[in-house]
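Novice: Dropping a prediction and its sequence here:
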Amino acid sequence: MTENDMAEVIARIAGRAGRITLNRPKALNALSHAMVRTIETVLEDWAGDESVQLVLIDGSGEKAFSAGGDIASIYADGKAGRFEPARRFFADEYRMNRLIARYGKPVVALMDGIVMGGGVGIAGHASHRIVTERVMVAMPECAIGLVPDVGASLLLAEAPGRLGEYLALTGHRMTAGDAILAGFADTFVPSERLPALAERLEETGDPAAIAEFAEAAPESELAGRLPEIDRLFSGEDAAAILRALEAEAGDFSAKAAATIRKGSPLSVAATLALVRAVRAEPAIETALAHEYRFTYRAQSHGDFVEGTRAALIDKDRSPRWPEGRVEDLESERLAAVLAPLGDDELGFAQA
């Protein structure tokens, strides 16, 4: 194994393409702070490099593009009362997400395997987003006391009808067809064709080459449920949505309600508010700024530490949320975690 192979991010120029490979396969390519900084630096360097005509991003191993952020380290800091490292991580990650979304050259993301959390923040904002038959895309943050972040609130806000509310509150795991339907991906390419596609992109530097490898996507499992989702997820707040789901007969609504009930009531309510706020002002900067207000406070004033303990540390799957139900959440607590941060607001350099 070479020193480069041991790097968490492998960045190199191959032909006419700048290639970025997330390289923590044993950790499902979860993003560390160092990885975020490396990706940002490389993209900034390549922006002015005329030899790089497009950027191609993938993940090492066969299991994941990226399963999210390095939650365990954020938990450890939060448990110890160290809040600044996570705040710096989120700020740097979000600026990297915006850089991808606003990048001046084509960015091609090859989503093969698990794509969650921080992985969506990289691939979901690329200009050309490819999924395979092995992909699983989800934003399950409510289960651990966070909110769908990394700019995902913009993708959710722009999904058809109320599909964004459904995906955000339940953390539903999307197949390739679902991801394309929801606007998290653009094109289906079988996993066995990815190496040849990457080679062609290196050779041509032209994302039009993707069409040579694309195939019809598998049918979306959610497409037939859009009218039902629109009806059930149009309530004015999370409590109203739960009332609609729990009054409805059938496994789909029962499963959705049960999943939402398991999440942090604060995160569920905040997630719904975020998606709808971004829908009213759909821009990547709006999404990231609103998300940062919550994640800035997630360790100190949110349910993140307890949610992560239950899901990833003790793995008892029995989080003890401060509120038993969404209906018990005080509006003042919700408003406090979404309020502007004053001097600590997330800022962006001029593009």
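Specialist: That came through, no problem.
Novice: alpha carbons only for contacts and neighbour counts from here, please
Specialist: Fine.
Novice: Can you pull the poorly scored residue ranges out of the stretch 1-150 of the chain?
Specialist: 1-5 (pLDDT under 70).
Novice: Going along the chain, name the strands of it.
Specialist: With DSSP state E, counting those that start in this stretch as the criterion, the stretch 1-150 of the chain has strands at 9-14, 17-22, 54-59, 64-66, 107-111, 114-116, 128-131, 136-138.
Novice: hey, which of those is tucked in deepest?
Specialist: strand 64-66 (a mean of 31; mean count of other C-alpha atoms under 10 Å).
Novice: so where does residue 337 fall, helix or strand?
Specialist: Using DSSP states H and E, residue 337 maps to helix 331-338.
Novice: Make a markdown table from the strands of the stretch 1-150 of the chain and add distance to residue 91 to it.
Specialist: Below are the strands of the stretch 1-150 of the chain laid out as a markdown table (distance: least, C-alpha to C-alpha, whole Å):
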| stretch | distance to residue 91 |
| --- | --- |
| strand 9-14 | 19 |
| strand 17-22 | 20 |
| strand 54-59 | 21 |
| strand 64-66 | 19 |
| strand 107-111 | 22 |
| strand 114-116 | 18 |
| strand 128-131 | 24 |
| strand 136-138 | 22 |
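Novice: quick one: which of those strands is nearest residue 344?
Specialist: strand 114-116 (26.9 Å; C-alpha to C-alpha).
Novice: now the lengthiest helix in the chain against strand 54-59, angle please.
Specialist: For the chain, the helix that runs over the most residues, judged by DSSP state H, is helix 84-101. Relative orientation of helix 84-101 and strand 54-59, computed by axes from the mean of the first three to the mean of the last three C-alpha atoms, to 10 degrees: 130 degrees.
Novice: buried stuff in helix 84-101?
Specialist: Neighbour-count burial for helix 84-101, with 16 or more other C-alpha atoms under 10 Å as criterion, is recorded at 86-87, 89-101.
Novice: name the helices or strands packed onto that helix?
Specialist: Judged by 3 or more C-alpha pairs under 8 Å, 6 or more residues apart in numbering; DSSP states H and E, the packing partners of helix 84-101 are helix 33-47, helix 71-79, helix 118-123, helix 284-297.
Novice: I'd like those helices laid out as TSV, including mean neighbour count and distance to residue 19.
Specialist: TSV is the format used below for the helices and strands packed on helix 84-101 (neighbours: other C-alpha atoms under 10 Å; distance: least, C-alpha to C-alpha, whole Å):
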stretch	mean neighbour count	distance to residue 19
helix 33-47	17	10
helix 71-79	17	26
helix 118-123	28	14
helix 284-297	24	24
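Novice: Ok, which of those comes nearest residue 224?
Specialist: Nearest to residue 224, of all the helices and strands packed on helix 84-101, is helix 118-123, at 24.2 Å by C-alpha to C-alpha.
Novice: for the closest one, packing partners?
Specialist: strand 64-66, helix 84-101, strand 107-111.
Novice: for the ones you listed, which one sits closest to residue 138?
Specialist: strand 64-66 (11.1 Å).
Novice: quick one: contacts of that closest one?
Specialist: Contact partners of strand 64-66, identified using C-alpha atoms under 8 Å, 6 or more residues apart in numbering, comprise 22, 25, 28-31, 58-59, 110-116, 118-120.
Novice: Centre of the chain to that strand, how far?
Specialist: How far strand 64-66 lies from its chain's middle: 12 Å, per C-alpha atoms, centre = their mean, to the nearest Å.
Novice: Who does it pair with, and is each partner parallel or antiparallel?
Specialist: The strands beside strand 64-66 in its sheet (DSSP bridges) come out as strand 114-116 (parallel).
Novice: Count the residues that sit near residue 317.
Specialist: Neighbour count for residue 317, taken as other C-alpha atoms under 10 Å: 16.
Novice: Look up the pLDDT of the closest residue to it other than its chain neighbours for me, please.
Specialist: Spatially, and ignoring its direct neighbours in sequence, residue 317 is nearest to residue 310 (5.0 Å; C-alpha to C-alpha, 6 or more residues apart in numbering). Residue 310 is assigned a pLDDT of 96 by the prediction.
Novice: repeat for residue 350
Specialist: Value for residue 350, per-residue pLDDT: 60.
Novice: CA atoms only: put the longest helix of the chain into PDB for me.
Specialist: The C-alpha trace of helix 84-101 is given here as PDB (Å, rounded to 0.1, in the frame of the first residue of the first chain):
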ATOM      1  CA  GLU A  84     -16.300  24.400  19.100                       C
ATOM      2  CA  PRO A  85     -14.700  21.500  17.100                       C
ATOM      3  CA  ALA A  86     -18.100  20.400  15.800                       C
ATOM      4  CA  ARG A  87     -19.100  24.000  15.000                       C
ATOM      5  CA  ARG A  88     -15.900  24.400  12.900                       C
ATOM      6  CA  PHE A  89     -16.400  21.100  11.200                       C
ATOM      7  CA  PHE A  90     -20.000  21.900  10.200                       C
ATOM      8  CA  ALA A  91     -19.000  25.400   9.000                       C
ATOM      9  CA  ASP A  92     -16.100  24.100   6.900                       C
ATOM     10  CA  GLU A  93     -18.300  21.200   5.600                       C
ATOM     11  CA  TYR A  94     -21.100  23.500   4.600                       C
ATOM     12  CA  ARG A  95     -18.700  25.900   2.800                       C
ATOM     13  CA  MET A  96     -17.300  22.900   0.900                       C
ATOM     14  CA  ASN A  97     -20.900  21.800   0.000                       C
ATOM     15  CA  ARG A  98     -21.500  25.300  -1.400                       C
ATOM     16  CA  LEU A  99     -18.300  25.200  -3.400                       C
ATOM     17  CA  ILE A 100     -19.500  22.100  -5.100                       C
ATOM     18  CA  ALA A 101     -22.900  23.500  -5.800                       C
END
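Novice: Right, I'll leave it there.
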